[in-house]
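K.L.:
Any chance you could fold what I've pasted below:
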Amino acid sequence: MDLRSLPKVDLHRHLEGAIRLQTIIDLSREAGEPLAARTPEELAPQAQVLRPMSSLAEVLTYFRVAQEAFRDYAAVERIAFEAVEDLANDNVRLAELRFSPDFMCRPHELEWSGAMEAILAGIDRARNLDVAVGLIAIVSRSYGIESAERTVDFALRHRFYIASFNHLTPFPGTPLYRRWEAEGRLLYERWWLDDNYRYNKIPFQPTHMTPERLQRGCVEARSKFYAWSNIWKRGLDPVNRSHSLMWQHFYGINYLFRREVRQRDDYPLGDEAWRGPLLKARERPALLPFADELQLALNASHVPHYV
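P.N.:
Sure, this is the predicted structure:
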């Protein structure tokens, strides 16, 4: 069976990580800053993760080459178009492209909304390829709270369908949990069994702020995004009304998210009245050493924006 010939769904494909190597070479040369590598084969060891990495920070060093490719809005449009073209070549019929506006725009000081329009233009150019594409915008947590707040405003300005703003969670058995345990950053010995732990509480010590500030920031971001006035404005966006089913369910879905903004805040995990046996799970190692860190971290805007 040829798997490439089967129709597929590809969720959470990184736009910054899906750039063709030849495109990186071309864009650098056109900008008058040619790379030492002249062929994709020469560039691959510098720009592709070809082996397990010890941390997300190490992985991101390979993303720097791709990050520099977003030199102007024409480059952003080309990268977006080719990403959809590659999806079509893989026979993907439904895809989500994930990107961080700050990570993408910071090196060459691009305006976020201009980059967003370029992405949409690239996707629109590929409309004849029969790939339904959604966009997921996230926060790069290393850029701090101001970047996170700016991303909330970005999601509102472009009237995204939905958004989630969640902190990173160190799950037991993962390399992240073991590392933070060794560093003394875990605030609970076993947060998932601790009677004092509640929904939205931060089970670790963040690097640049207090746990309480991070918790409050996540809740404030949800409150702002799901304010009645913002739900109304986003519901009128042509993209959110482009499909009858999307628009039909928009207000119901957003109402449920709004209701949960504070409903689950400080809510106990599980059922406190349960007295039966607990399920036991065997610890299994992560597929990659850094897999646990690839969660949507800090205030991550998970926003399908269908075109």
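K.L.:
Flag the shaky bits of the stretch 151-300 of the chain, pLDDT-wise.
P.N.:
271-272, 274, 278-300 (pLDDT under 70).
K.L.:
go again using 80 as the cut-off
P.N.:
Across the stretch 151-300 of the chain, the ranges flagged by pLDDT under 80 are 270-300.
K.L.:
And the helices in it?
P.N.:
Along the stretch 151-300 of the chain, the segments classed as helices by DSSP state H, counting those that start in this stretch run 175-183, 211-225, 228-235, 244-263.
K.L.:
and those helices as TSV, adding distance to Gln67?
P.N.:
The way it works is simple: take the backbone N, C-alpha and C, and place the C-beta from them, glycine included. Formatted as TSV, these follow (distance: least, Cβ to Cβ, whole Å):
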stretch	distance to Gln67
helix 175-183	23
helix 211-225	25
helix 228-235	29
helix 244-263	31
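K.L.:
which residues are contacting stretch 64-82?
P.N.:
15-17, 19-20, 23-24, 27-28, 31, 43, 46-47, 97, 103-108, 110, 114-115, 117-123, 125-126 (Cβ atoms under 8 Å, 6 or more residues apart in numbering).
K.L.:
Buried ones among these?
P.N.:
15-17, 19-20, 23-24, 27-28, 43, 47, 97, 103-106, 108, 110, 115, 118-123, 125-126 (16 or more other Cβ atoms under 10 Å).
K.L.:
Would you report which members of those are assigned to strands?
P.N.:
Residues of the buried ones among the contacts of stretch 64-82 located in strands (DSSP state E): Leu97.
K.L.:
Just the ones in helices from the buried ones among the contacts of stretch 64-82, please.
P.N.:
Among those, DSSP state H puts 23-24, 27-28, 43, 47, 103-105, 115, 118-123, 125 in helices.
K.L.:
Phe103 contacts Gly17, correct?
P.N.:
No: applying Cβ atoms under 8 Å, one finds Phe103 not in contact with Gly17, separated by 10.8 Å.
K.L.:
okay, and the common contacts of the two?
P.N.:
Counting by Cβ under 8 Å, 6+ apart, the shared contacts of Phe103 and Gly17 are Phe63.
K.L.:
distance of the most centrally placed residue in the chain from Phe171?
P.N.:
Nearest to the mean C-alpha position of the chain, by Cα atoms, centre = their mean, lies Ile138 at 3.9 Å. From Ile138 across to Phe171, the span is 19 Å (Cβ to Cβ, to the nearest Å).
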